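Participant: sharing a sequence plus its predicted fold:
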Amino acid sequence: MDMSRKLGAEFIGTFWLVLGGCGSAVLAASVPGLGIGYAGVALAFGLTVVTGAYAFGHISGAHFNPAVTLGVAVAGRFPARDILPYWVAQVAGGIAAAAVLYAIASGNTGFDATAGFASNGYGEHSPQGYSLLSGLICEVVMTAMFLLVILGATSGRAPV
C-alpha cells in the first residue's frame with residue numbers, strides 16, 4: 001500500500017473518530033432529558049474506533065491516534081520513519097473534524113465557544129474536580145492498556 005493511501009486513511013479515520021466521539025460529547029451528552037451522558041460518549045468513541053478500524057485497518061493499520069502510532073512503533077511493528085507522517089495526518093484529521101464540529105455547534109442560537117466547547121482538564125476544569133496527577137495517571141494507564149489490547153488483538157498469533 002502506498003504512503004499517500006495510508007496517510008489518507010489515517011486522516012479520514014482520525015476525522016471520523018473526533019467527529020463521532022467528540023461530536024457526541026458536544027452535541028448530545030447533556031441534552032436535557034435526552035442526553036447520552038458519559039456512557040453514551042464512551043460508546044460513541046468505541047463505535048467510531050471499531051467502524052474506522054473495519055473501514056481503514058487494512059490500509060493504514062487504523063491507528064487514528066499519535067499515542068497508538070508511537071506504541072506500535074516502540075513494539076517494533078511499525079517503521080519509525082513513518083511516525084511523523086502518520087502524526088501529521090492524524091493531527092490534520094482531528095483539526096478538520098473539530099472545524100466541522102465547530103461549524104455544526106455554532107448553528108445553535110445559544111452557542112458560545114468560550115464556554116468550554118466540551119473541553120475538560122483538571123481541577124476546576126474536570127467534571128469531578130480531579131487533580132493534574134490523577135489525570136496524568138489515568139491517561140498513562142488507560143493508554144498503556146489500550147495499546148496492549150491493540151497489540152494483542154493484531155498479533156499474528158491472535159485468533160482470527
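Facilitator: Great, that's in hand. Note that this is a predicted model, so its numbers are computed, not measured. Numbers count the residues shown, from 1 in each chain.

Participant: the strands in this structure, which residues?
Facilitator: Remark: strands of the chain are absent; assignment by DSSP state E.

Participant: once you drop chain neighbours, what's closest to G121?
Facilitator: Distances taken as CB to CB, 6 or more residues apart in numbering put G135 closest to G121, at 7.4 Å, once the chain neighbours are dropped. To be clear about C-beta, it is placed using only N, CA and C from the backbone, and glycine gets the same treatment.

Participant: return the residues in contact with that neighbour.
Facilitator: By CB atoms under 8 Å, 6 or more residues apart in numbering, G135 lies in contact with 121-122, 126.

Participant: of those residues, which belong to helices?
Facilitator: Among these, none falls in helices (DSSP state H).

Participant: helix or strand with the lowest mean pLDDT in the chain?
Facilitator: Least confident element among the helices and strands of the chain, by mean pLDDT, DSSP states H and E: helix 23-27 (a mean of 89).

Participant: can you name every helix or strand that it contacts?
Facilitator: Counting contacts by 3 or more CB pairs under 8 Å, 6 or more residues apart in numbering; DSSP states H and E, helix 23-27 packs against helix 37-60, helix 83-105.

Participant: tell me which of the ones you listed lies nearest to G71.
Facilitator: helix 83-105 (10.6 Å; CB to CB).

Participant: avg pLDDT for the closest one?
Facilitator: Average pLDDT, helix 83-105: 96.

Participant: before we move on, the earlier item: contacts for the least confident helix or strand of the chain, please.
Facilitator: 36, 40-41, 44-45, 97, 101, 104-105, 117-118.

Participant: all set, thanks.
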